[in-house]
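>>> A structural model of the following input is requested.
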Amino acid sequence: MAPTSPVVARWELVRRLRELREQRGFDSAGFARAVGFTPANWSHVEKGRRVLTGNTIGPVLDLLAVGERERAELLGLLAAGKERGWWTRSALIGPELQRYYGMEYGADSIRSYDSLVVPGMLQTEAYARALIAADVMIRPAQVEQLVAVRMRRRKRLHGHDPVALTAVVGEATLLQQVGGQAVLCAQLEYLAGLLRTRPNVDIRVIPFAAPDGAILGGASFHLLDFASKYLPTFGWAESAVFGAPVDNPDQVHDLAFAFVRALDQSLTRTESLALIEKYAAV
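Numbers count the residues shown, from 1 in each chain. This is a model prediction of the structure:
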């Protein structure tokens, strides 16, 4: 079971309340007025932009006629959502990225695709530092703080109930000289070590010889799944200059299909390990 994440708890709470409202036949505006909100403010609640309190959630649960067991679950989510995650303690992490890190922390499984660089959760400290320092938008004084954040994210790969991570990367990732040859070789050795020792980590490589290997181009995206039956897959897409959640369910579905296609083009786990070891020895 993944650790409790305030971001995931808040997301589940608002999704369940909206679903209950719709099941009970209330329209959003009428329901808002009945529980003491303006329609605009209630819309913010259902979109996760406004947080309920112990006082304001009471009339909501009463009007929805929530049973004792489900009421306890929803109040538990409310309490969990008020906690502060470690990712909120850095002023360098913007709201959208805080949301992603919170989702990542509470995920049961993650599917990642990147054609050119190693995904963040799999990076060594030196590799991460080289990537972050090369970003012209980041000041030198900020580099070490951001490296520390990236290293903190790696903890979900270890310990009790670690996240299951399947990462698909292009063969070019194994050749791109991020930080120079020594840094790259150490990064590849680290990936090989994860494949040998961590059953929860699966790294697949799309070889240059794959007939449709370049179909996704330079895309980079992540798909996060959760233990709760109330939560759908959370999507995140990024490029060299931005990263953002994918809130459209159809687009998340498209990303999931793209991941399957990427996985189909990749080598097996054993073959991928052999290729990574080959390049690490260069």
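
>>> so where do the helices sit in the stretch 51-200 of the chain?
Counting by DSSP state H, counting those that start in this stretch, the stretch 51-200 of the chain has helices at residues 54-63, 68-81, 95-106, 125-133, 143-153, 181-197.

>>> residue furthest from the geometric center of the chain?
residue 34 (35.9 Å; CA atoms, centre = their mean).

>>> for that residue, which non-adjacent residue is closest in space?
residue 63 (5.8 Å; CB to CB, 6 or more residues apart in numbering). The way it works is simple: take the backbone N, C-alpha and C, and place the C-beta from them, glycine included.

>>> what about that neighbour, distance to residue 5?
28 Å (CB to CB, to the nearest Å).

>>> quick revisit: export the helices of the stretch 51-200 of the chain to a markdown table and tack on mean pLDDT, distance to residue 246 and mean neighbour count?
Putting the helices of the stretch 51-200 of the chain into a markdown table (pLDDT from 0 to 100; distance: least, CB to CB, whole Å; neighbours: other CB atoms under 10 Å) gives the following:
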| stretch | mean pLDDT | distance to residue 246 | mean neighbour count |
| --- | --- | --- | --- |
| helix 54-63 | 96 | 28 | 15 |
| helix 68-81 | 97 | 22 | 16 |
| helix 95-106 | 96 | 11 | 20 |
| helix 125-133 | 97 | 23 | 20 |
| helix 143-153 | 96 | 19 | 16 |
| helix 181-197 | 98 | 26 | 17 |
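
>>> spatially central residue for the chain, please.
residue 104 (3.7 Å).

>>> might you report the residue contacts of that residue?
Residues near residue 104 by CB atoms under 8 Å, 6 or more residues apart in numbering: 110, 121, 153, 156, 163, 222, 224.

>>> now residue 175. Nearest residue, chain neighbours left out?
residue 279 (6.7 Å).

>>> what do you get for residue 81?
Nearest to residue 81 is residue 10, by CB to CB, 6+ apart, at 3.8 Å.

>>> okay, and the one you found sits in which element?
Here residue 10 is covered by helix 6-23, with elements defined by DSSP states H and E.

>>> now that helix: buried residues?
Within helix 6-23, the residues that count as buried by 16 or more other CB atoms under 10 Å are 6-18, 20-21.

>>> residues contacting it, please?
Against helix 6-23 from outside (CB under 8 Å, 6+ apart): 2, 28, 31, 45-48, 51-52, 60, 64, 66, 74, 77-78, 80-85, 98-99, 101-103, 105-107, 226, 228, 230-231.

>>> quick one, strands of the stretch 151-282 of the chain?
Counting by DSSP state E, counting those that start in this stretch, the stretch 151-282 of the chain has strands at residues 164-170, 201-206, 220-225, 234-238, 243-246.

>>> okay, the residue farthest from the centre of the chain: pLDDT?
Residue 34 carries a pLDDT value of 96.

>>> ok, now residue 211?
Note on residue 211: pLDDT of 87.

>>> how near is the spatially closest residue to it that is not a sequence neighbour to residue 195?
In space, residue 211 comes closest to residue 265 once its chain neighbours are excluded; the distance is 7.8 Å by CB to CB, 6+ apart. Using CB to CB, we find residue 265 at a distance of 19 Å from residue 195.

>>> residue 103 touches residue 48, doesn't it?
No - using CB atoms under 8 Å, residue 103 is not in contact with residue 48, being 11.7 Å away.

>>> where does pLDDT dip in this structure?
Applying pLDDT under 70 to the chain flags residues 214, 240.

>>> give me that answer again for 90
Scanning the chain for pLDDT under 90 picks out the ranges 1-2, 90-91, 115, 135-137, 159-160, 211-219, 238-243, 282.

>>> only alpha carbons, please: show stretch 49-67 as CSV.
In CSV, the C-alpha atoms belonging to stretch 49-67 read as follows (Å, rounded to 0.1, in the frame of the first residue of the first chain):
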residue,chain,number,x,y,z
ARG,A,49,-9.1,24.7,-5.8
ARG,A,50,-10.8,25.2,-2.4
VAL,A,51,-10.4,23.0,0.6
LEU,A,52,-13.4,22.1,2.8
THR,A,53,-13.1,22.3,6.6
GLY,A,54,-14.6,20.2,9.4
ASN,A,55,-17.4,22.7,9.7
THR,A,56,-18.2,23.1,6.0
ILE,A,57,-18.2,19.4,5.1
GLY,A,58,-20.9,18.6,7.7
PRO,A,59,-23.9,20.0,5.8
VAL,A,60,-22.5,18.5,2.6
LEU,A,61,-22.4,15.0,4.0
ASP,A,62,-25.8,15.5,5.7
LEU,A,63,-27.5,16.6,2.4
LEU,A,64,-25.9,13.7,0.6
ALA,A,65,-27.3,11.3,3.2
VAL,A,66,-23.9,9.6,3.5
GLY,A,67,-23.9,6.4,5.6
